[in-house]
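S.K.: got a sequence here, can you model it:
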Amino acid sequence: MIASYLALTIIGSVSFNWGFETSQSYIFSIVPGDDGTVWCATAGGIIHYDPAGGWLDSVSYPDMPWISATDLCFDDSLLWVATGGGGLALRQGDDPWKVFSVYEGIPGSGYVNSVYTGGGYVWAGSDGGLARGNADGFLTIDSDLTGGAFTATEVTDVSGIGNTLYLATDRGVYSLDLSGSIFNPDSWTSYEDSTLTLGIDDIYIASIDSIFGYGSGGVSQMMGESWIRLLDYSASTDSVVTGLLVNDDGLIAASNKVMLYSGGSWELYGSGYPEASYASCLSGGSGEIWCGFGSWAECCKDTGNGLGYLDNGTWINIPVPGMATPNCYQMAWDEERVYIGSHHLGLLAFYPDSGWRAFHMLTINMPRSLRTYSAAKTGCSGIWTSSYHWGLTWIEDRGTYSMDDDTTITYVSDSLPDISPDVVQIVAPLLNNQVIMLTSQSGALLVAQEAFWETPDEPSGILAVSGEPEEGTLQWTAREESDGLSSKNIQTLFPCGSDSLWISFASEGGCQLLVHSGDPMDKSSDTWYPGYGQAYSTSWGLQSNQVFCFARDAGGDILAGTGNGISRWNGNQFVDIAGVSGSVKAMQVDSNGVIWCMTESAIYSVEDGDVTEFTRSNSIYISTNRMENEFSSINPEDGTVFFSSAVGLWSIITQHSPFENTDLIFYPQPYLPAEEELYMAWSGSDERIDVKFFSLTGEYLGSVTADSWEDWTWDGSLNGASVASGVYLVLVERDSNVIRCKVAVVR
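M.R.: Prediction:
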């Protein structure tokens, strides 16, 4: 969990360790245990719940072979787990996991939809078909093996009763007589003619005479040798049935609500079902009816609201601890709290003493929860975020886990239609309602805007915002193409010091440098490089005109992550950094000067010209091919590097964590550069001192060295430029130790 990443202290030599945070809130299937507990296969692994004692075991990657679990079953002491990309996994007691992939007979790309035990075998339905086997290995079952009787190439569910196995496939429903031979065509029955168009993705068997199929086409029931629809969703592609159950009340179906089939019609079953929550699965066990509370739509199969059960006719929600959703974006830090944008659940917030919560349209009156790319902390109170197409939102988080005392204000270029009247929206000088990312410089908020591709004439560019939202004192300064921007489609902003801003553009627009007065609100002295309305491109040495991210190395040089590796700006042109291939989606430089970057296939480290590639072969990292707004961040307190991704948050502890030392002080504090220099006082031997300065958001700003602490002074400038007023994190390195301090500068 992220709590361990934020608090971990490692004493010893420089090293790094991997961590991963994802969400277990979306439940694919619920399996009752023999002891009254329930087991859940989730998008983030396996969770175990005891109605009498609460949450028990939680198993997630890398303690599991893969990130997601789609189904599970028990076979005596064996635990079989179907994964969403890592094949079929087997765990026996405390033994290491055993994984079965295409090489061990599980057909397809590794996505296993269902696992079932019957007829003395384990059956696995996957995106490549069907396999039968045991702990020693599997046999792929296909058309050639069955004499042409089984022709499906994808199996979405496997279930059975007695000696009959039922399969939901891309060719409709099949049954298999387990008392016969899989090699004998007579053992197979195909219901393709009556089921292929019914949209059956799963099978539910209430009894030998009550067999149902359900999925995108609704609910169907087997009648003799054919099937009929009971609930028709064939005309509503956004409505999918995800679970069935029969009890004394009748047939219950899970979809965008939970419904009861009674007297030939469907009606709501139970009250209090969470608003905007799609039921992800349904199960009966331990005397309860269990349900997975999914997110706002069935198609969102990684974001959920935990586990639910029916109590005297009312649905009770049991939230799953941890992140609410794995698909995440930009991070921001405010003291001990961590904020991160998400794809489906707005702005996530982590509180060290309480855990995760989410700011979104159902919890704090944000206008929209979808595609919340950004999170930024500035000189004003509160935290900034945005929902793409839905404006810029400011949240005054009072620092408590409760949201009762929080305040939310959304700023829009024009009023948003069809939103809750509780949403406070203020028309402001935003260029449009699309916000790609946020950052801060010299206490001001910098807003990167994009002209959405369907409306290319929409104004767009960069906004600088200062003031206090709650006091109504905001000021706005816009920079557009008419001000010198090379393009209005901004992709990334990277503040460098107090007066320089690197800008990259979408659609292979290269990058540009803005140098201003040190006050982002004042554009009277703006200077654009390489020129007014011009951008750096491959003609300036960039490896690609696609620029996704920036970083600043230990020597103060700017690094650009491009569509073809990393390019370094030497003051005159860009030069290639060899060894990194592919599109560099996000990049960070740690306090040891090591460059970390994430591409479509790997995470790389670059240190003194040595390049190391990290994949599943030598780390826990699993790559994703998402190219939509990837971000990196660094914890300013302990140097941990983070990368956001579609599957969760990766962390790399790159060094021993710095620690406080009361013997070391900087004086005078606060430091006024106009009056004198800053000095250091420390006990101990005289050794070479290296003092590295970082912003509170983790950006490396530069270093000041001396032969001893007695010789060390600072004039308030880094890399030849004066730093702005504010608080800076300082890491002091001496004798293999790293000491953490803070310096307040007042001009």
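
S.K.: domains in this structure, as residue ranges please.
M.R.: Annotated domains of the chain cover 21-245, 328-653, 665-745 [automatic domain parsing].

S.K.: mean pLDDT and distance to residue 265 added to these, as CSV?
M.R.: Every C-beta, even on glycine, is put in place using the N, C-alpha and C of the backbone. Listed next are the domains of the chain as CSV, based on pLDDT from 0 to 100; distance: least, Cβ to Cβ, whole Å:
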stretch, mean pLDDT, distance to residue 265
domain 21-245, 94, 10
domain 328-653, 92, 30
domain 665-745, 83, 57
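
S.K.: nearest to residue 319, of the ones you listed?
M.R.: When the domains of the chain are compared by Cβ to Cβ, domain 21-245 sits nearest residue 319, at 7.5 Å.

S.K.: for the domains of the chain, which one sits closest to residue 298?
M.R.: domain 21-245 (4.3 Å).

S.K.: wasn't residue 117 part of a strand?
M.R.: Yes: judged by DSSP: H, G, I helix; E, B strand; the rest coil, residue 117 forms part of a strand.

S.K.: you'd agree it is up against residue 76?
M.R.: No: counting by Cβ atoms under 8 Å, residue 117 does not reach residue 76; the two are 9.4 Å apart.

S.K.: can you name the residues that contact residue 584?
M.R.: Neighbouring residues of residue 584 by Cβ atoms under 8 Å, 6 or more residues apart in numbering: 548, 549, 561, 562, 563, 565, 566, 597, 598, 599.

S.K.: three-state assignment of it?
M.R.: coil.

S.K.: skipping adjacent residues, who's closest to it in space?
M.R.: In space, residue 584 comes closest to residue 561 once its chain neighbours are excluded; the distance is 3.1 Å by Cβ to Cβ, 6 or more residues apart in numbering.

S.K.: the one you found: neighbour count?
M.R.: 29 (other Cβ atoms under 10 Å).

S.K.: which residues touch it?
M.R.: Residue 561 neighbours (Cβ under 8 Å, 6+ apart): 547, 548, 549, 550, 551, 583, 584, 585, 586, 587, 597.

S.K.: which of residue 117 and residue 76 has more residues huddled nearby?
M.R.: residue 117 (17 against 7).

S.K.: distance of that one relative to residue 106?
M.R.: According to Cβ to Cβ, to the nearest Å, residue 117 and residue 106 sit 15 Å apart.

S.K.: same question, residue 429
M.R.: Per Cβ to Cβ, residue 429 is found 57 Å from residue 106.

S.K.: equivalent analysis for residue 654, please.
M.R.: According to Cβ to Cβ, residue 654 stands 37 Å off from residue 106.

S.K.: in terms of neighbours, single out the busier of those two.
M.R.: Comparing residue 654 with residue 106 by other Cβ under 10 Å, the one with more neighbours is residue 106, at 28 against 21.

S.K.: pretty sure the more buried one sits against residue 124.
M.R.: Yes: using Cβ under 8 Å, residue 106 is in contact with residue 124, at 5.6 Å.

S.K.: what touches both of those two?
M.R.: Listed as contacting both residue 106 and residue 124 by Cβ under 8 Å, 6+ apart are 88, 100, 112, 131, 138.

S.K.: filter those down to the buried ones, ChimeraX style.
M.R.: A single ChimeraX command selects the buried members of these (16 or more other Cβ atoms under 10 Å):
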select :88,100,112,131,138
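
S.K.: nearest to residue 746, of the shared contacts of residue 106 and residue 124?
M.R.: residue 112 (60.4 Å).

S.K.: that closest one belongs to a helix, doesn't it?
M.R.: No: counting by three-state DSSP, one finds residue 112 to be strand, located in no helix.

S.K.: my guess is it meets residue 80, correct?
M.R.: No: at 9.6 Å, residue 112 and residue 80 do not qualify as touching, with contact defined as Cβ under 8 Å.

S.K.: so what sits against both of the two?
M.R.: With Cβ under 8 Å, 6+ apart as the test, residue 112 and residue 80 both reach residue 88.

S.K.: thinking again about what came up before, okay if I get the domains of the chain as TSV plus distance to residue 279?
M.R.: Converted to TSV, these look like this (distance: least, Cβ to Cβ, whole Å):
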stretch	distance to residue 279
domain 21-245	6
domain 328-653	16
domain 665-745	40
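
S.K.: let me know which of these is the nearest to residue 272.
M.R.: Per Cβ to Cβ, nearest to residue 272 of these: domain 328-653, 14.5 Å.

S.K.: from start to finish, how long is that closest one in a straight line?
M.R.: One end of domain 328-653 to the other measures 19 Å (Cα to Cα, to the nearest Å).

S.K.: and it, how far out from the chain's middle?
M.R.: Between the centre of domain 328-653 and the centre of its chain there are 15 Å (Cα atoms, centre = their mean, to the nearest Å).

S.K.: sorry, back to before: tell me which of the domains of the chain sits nearest to residue 309.
M.R.: Smallest distance to residue 309 across these (Cβ to Cβ): 7.8 Å, for domain 21-245.

S.K.: residue ranges for the helices of the stretch 101-250 of the chain, please.
M.R.: 192-195 (DSSP state H, counting those that start in this stretch).

S.K.: quick one: the strands in it, in order.
M.R.: Secondary structure of the stretch 101-250 of the chain (DSSP state E, counting those that start in this stretch): strands located at 112-118, 121-126, 129-134, 137-141, 155-161, 164-169, 172-177, 188-190, 202-207, 210-215, 218-223, 226-232, 243-247, 250-254.

S.K.: again with the stretch 401-550 of the chain
M.R.: Under DSSP E, counting those that start in this stretch, the stretch 401-550 of the chain gives strands at 407-412, 425-427, 435-441, 444-449, 462-466, 475-479, 490-496, 500-505, 511-515, 527-529, 547-552.

S.K.: direction included, what does the fourth one pair against?
M.R.: Take DSSP bridges as the rule and strand 444-449 pairs in its sheet with strand 435-441 (antiparallel), strand 462-466 (antiparallel).

S.K.: next, the angle from it to strand 407-412.
M.R.: With axes from the mean of the first three to the mean of the last three Cα atoms, to 10 degrees applied, the angle from strand 444-449 to strand 407-412 works out at 50 degrees.

S.K.: give me the contacts around strand 444-449.
M.R.: By Cβ under 8 Å, 6+ apart, strand 444-449 touches 376, 378-380, 384, 392, 430-432, 434-440, 460-466, 488, 490-493, 495, 501, 519-521.

S.K.: what angle do strand 475-479 and it make with each other?
M.R.: Going by the same axes, to 10 degrees, strand 444-449 makes 50 degrees with strand 475-479.

S.K.: return strand 444-449 as PDB; C-alpha atoms alone will do.
M.R.: C-alpha atoms of strand 444-449 as PDB (Å, rounded to 0.1, in the frame of the first residue of the first chain):
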ATOM      1  CA  ALA A 444       0.700  30.700  -9.500                       C
ATOM      2  CA  LEU A 445      -1.300  27.900 -11.100                       C
ATOM      3  CA  LEU A 446      -0.400  27.100 -14.800                       C
ATOM      4  CA  VAL A 447      -3.300  25.600 -16.800                       C
ATOM      5  CA  ALA A 448      -2.500  23.600 -19.900                       C
ATOM      6  CA  GLN A 449      -5.500  23.800 -22.300                       C
END
